[in-house]
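Visitor: 3D model of this:
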Amino acid sequence: MLLMKLIVLILFSVAYYFIITNKIDKAGISFIAGALIIGVNSITKSLPNLTITHSGSFVDFDTIALLLGLMIIIPFMGDAGVFQFLALTVIKISKGNLKILYVLTAFTVAISSAFLNNVSTVMVFVPVILAIAESLDKDPFPFLMMIVFAANFGGGMTLIGDPPNMIVGFANGFSFIDFILNAMPGIILGMIAVILLFVRREHGYFRTVKEHNHASIDPFSAINDKSLAWKSTLTFLGAVIGFTLPQSWGISPSTVAIIAAAVFLFLIKADSETMEKVYSRIDWSTIFFFVGMFALVYALEETGIANDIASTLSVIIPNDFVLIIVVLWLSMLMASFLSAVPTVMVMIPIIHGFEKIFGPNSLVWWALVMGQCIGGNLTIVGAAANMVVAGMTKKLERGRLEFGRYFKYSFPAVLLSGAVITTYLVAKYII
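Guide: A predicted model of the protein is given here:
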């Protein structure tokens, strides 16, 4: 087993080196490392279940199925213009008041990201905001930063909001309602604190210099396929209702997702051309990344490495109360540089090790969920939404998201949201 430990450590370290440096695609290096560890284990036979035949022992197919189901439905909502409809509705409601538009956009992006794909959400809202900023002769940077933060906050609120939540949720049997009751309140508090900080910081920004003709905006003009919009939206809403079913019914969110996807494909009478669209929209890089990482993380846990790390750290962690705070801030730091998914996947087996020392405490898991969520806001590479917005603005004369300016703006906001969520967790622990 000692040899296997050494091999796992080497492959794990190499994989994370390339994930951090981005010299090899994340999905590629994850799949390579996962395949190699399975191959090595087939020779050493150290871990009986780390084989292709027993892939169900280490690959979380609940997470994969949930992702696939959502990946089938959500892109068609975008095709039908549902996201654009939401964006234009927000603009119309604001009635030209820039501060109201700012706050409404923040909450709309957050809510959309909590139930839809946050990358898709920012890709819809950013062009709209850039057009408004240009018409008002405003630097779009404050709006763009708010959109990034809101997208990441929203993604952390629900089981389906972001892949890291799915991983943590299925690893611990947390339901959709569990996330609503535990993660959402803390993240909303953190988000409100950040919005207040940003509004105070940019108090002079909201003085409108030019009038924007909001009265002529028709949100329904964004819907380019009414039939597809109804079918995709109603199917998705049906799935969300299904996610809230009691756990005692034995119907998992992953089952709901694939059933909803199947119903949707039937409703649109999916022919070969439509299915080609489906295949092209599925984020295969995420699937490949997950499969490889599941194999690596399983080896990390089964060889005892994760327990060794937990035992070593427990020397300086006196109790589960301190552990909650450590996990929150450690996951924040890790997510800001590694991004959220690798952070969560490496922390899960380590927390399992801590549970053997301090005993189970669900607040530790919620600390991980909320820590990776707000940590993703700290740097441009912290989350996919950040990098997408940065890419969309790289040709702008003003408003570009560049590392230095981004970090200077985000650092106090992340510290503030971290402090607020720490207070929230402490309050839950005491109560």
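Visitor: For stretch 400-415, the averaged confidence score.
Guide: The average pLDDT for stretch 400-415 rounds to 90.
Visitor: Kindly report the same for stretch 177-187.
Guide: On average, stretch 177-187 scores 95.
Visitor: Over to stretch 255-268?
Guide: Stretch 255-268 carries an average pLDDT of 94.
Visitor: Give me the contact list for it.
Guide: Contact with stretch 255-268 is made by 65-66, 68-70, 72-73, 76, 160, 228, 231-232, 235-236, 238-239, 242-243, 245, 274-275, 278, as judged by Cβ atoms under 8 Å, 6 or more residues apart in numbering. In short, each C-beta sits where N, CA and C put it, glycine included.
Visitor: from what I can see Pro142 touches Tyr205, true?
Guide: Yes. With contact defined as Cβ atoms under 8 Å, Pro142 counts as touching Tyr205 (5.6 Å).
Visitor: Which one's more surrounded, these two?
Guide: More neighbours surround Pro142 than the other of Pro142 and Tyr205, with 19 against 16 (other Cβ atoms under 10 Å).
Visitor: So what does that one have for phi and psi?
Guide: phi -60, psi -40 (degrees, to the nearest 10).
Visitor: Give me the buried positions along the helix or strand of the chain at the bottom of the mean pLDDT ranking.
Guide: For the chain, counting by mean pLDDT, DSSP states H and E, helix 118-135 ranks last in confidence among helices and strands (a mean of 82). Under the neighbour-count criterion of 16 or more other Cβ atoms under 10 Å, helix 118-135 has 118-126, 128-130, 132-133 buried.
Visitor: any chance of those in TSV, plus distance to Gly418?
Guide: Rendered in TSV, the data for the buried residues of helix 118-135 read as follows (distance: Cβ to Cβ, whole Å):
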residue	distance to Gly418
Asn118	20
Val119	24
Ser120	27
Thr121	23
Val122	22
Met123	27
Val124	29
Phe125	25
Val126	26
Val128	30
Ile129	26
Leu130	30
Ile132	31
Ala133	29
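Visitor: so which of the residues you listed comes closest to Ala35?
Guide: Nearest to Ala35 among the buried residues of helix 118-135: Val119, at 27.1 Å, using Cβ to Cβ.
Visitor: Okay, and which of the contacts of stretch 255-268 map to strands?
Guide: Among these, DSSP state E puts none in strands.
Visitor: Quick check on the residues you listed: which are buried?
Guide: Buried by 16+ other Cβ under 10 Å: 65-66, 68-70, 72-73, 76, 160, 228, 231-232, 235-236, 238-239, 242-243, 245, 278, out of these.
Visitor: Just the CA coordinates for the host helix or strand of Ser280, please, in PDB.
Guide: Per DSSP states H and E: Ser280 is located in helix 272-281. In PDB, the C-alpha atoms belonging to helix 272-281 read as follows (Å, rounded to 0.1, in the frame of the first residue of the first chain):
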ATOM      1  CA  SER A 272     -31.300  13.500 -35.800                       C
ATOM      2  CA  GLU A 273     -30.600  17.200 -36.500                       C
ATOM      3  CA  THR A 274     -31.900  18.200 -33.000                       C
ATOM      4  CA  MET A 275     -29.900  15.500 -31.300                       C
ATOM      5  CA  GLU A 276     -26.800  16.800 -33.100                       C
ATOM      6  CA  LYS A 277     -27.500  20.100 -31.400                       C
ATOM      7  CA  VAL A 278     -27.900  18.300 -28.000                       C
ATOM      8  CA  TYR A 279     -24.600  16.500 -28.500                       C
ATOM      9  CA  SER A 280     -22.700  19.700 -29.300                       C
ATOM     10  CA  ARG A 281     -24.200  21.600 -26.300                       C
END
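Visitor: Could you check that helix and say which residues are buried?
Guide: Using 16+ other Cβ under 10 Å as the test for burial, helix 272-281 gives 278, 281.
Visitor: And for Thr53, the neighbour number?
Guide: Neighbours of Thr53 using other Cβ under 10 Å come to 7.
Visitor: Ala384: how many residues sit nearby?
Guide: Neighbours of Ala384 under the rule other Cβ under 10 Å: 23.
Visitor: and the nearest residue to it once chain neighbours are set aside, what does it touch?
Guide: Distances taken as Cβ to Cβ, 6 or more residues apart in numbering place Val119 nearest to Ala384, at 5.3 Å, with adjacent residues excluded. The neighbourhood of Val119, defined by Cβ under 8 Å, 6+ apart, consists of 151, 384-385, 388.
Visitor: Would you check how far apart Val119 and Val364 are?
Guide: 28 Å (Cβ to Cβ, to the nearest Å).
Visitor: again with Leu2
Guide: Separation of Leu2 from Val364 (Cβ to Cβ) stands at 30 Å.
Visitor: same deal with Ser311?
Guide: 16 Å.
Visitor: Compare these two (neighbour count), which wins?
Guide: Legend: neighbour count by other Cβ under 10 Å for Ser311 and Val364, higher for Val364 (22 against 14).
Visitor: What residues does the more buried one make contact with?
Guide: Shown in contact with Val364 (Cβ under 8 Å, 6+ apart): 320, 323-324, 327, 351, 354-355.
Visitor: same thing but at 10 Å, please
Guide: By Cβ atoms under 10 Å, 6 or more residues apart in numbering, the contact set of Val364 is 172, 320, 323-328, 347, 351, 354-355, 358, 425.
Visitor: rewinding a little: can I get the helix or strand just after the helix holding Ser280 in CSV, CA atoms only?
Guide: Downstream of helix 272-281, the next assigned helix or strand under DSSP H and E is helix 284-302. This file holds the C-alpha atoms of helix 284-302, laid out as CSV (Å, rounded to 0.1, in the frame of the first residue of the first chain):
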residue,chain,number,x,y,z
TRP,A,284,-18.1,17.0,-22.4
SER,A,285,-15.0,18.6,-20.9
THR,A,286,-16.8,18.8,-17.5
ILE,A,287,-17.8,15.1,-17.8
PHE,A,288,-14.3,14.0,-18.6
PHE,A,289,-12.9,16.2,-15.8
PHE,A,290,-15.3,14.7,-13.2
VAL,A,291,-14.6,11.1,-14.2
GLY,A,292,-10.9,11.5,-13.9
MET,A,293,-11.1,13.4,-10.6
PHE,A,294,-13.5,10.9,-9.1
ALA,A,295,-10.9,8.2,-9.7
LEU,A,296,-8.1,10.3,-8.2
VAL,A,297,-10.1,11.4,-5.1
TYR,A,298,-11.3,7.8,-4.5
ALA,A,299,-7.6,6.6,-4.5
LEU,A,300,-6.7,9.5,-2.2
GLU,A,301,-9.3,8.4,0.3
GLU,A,302,-8.9,4.6,0.0
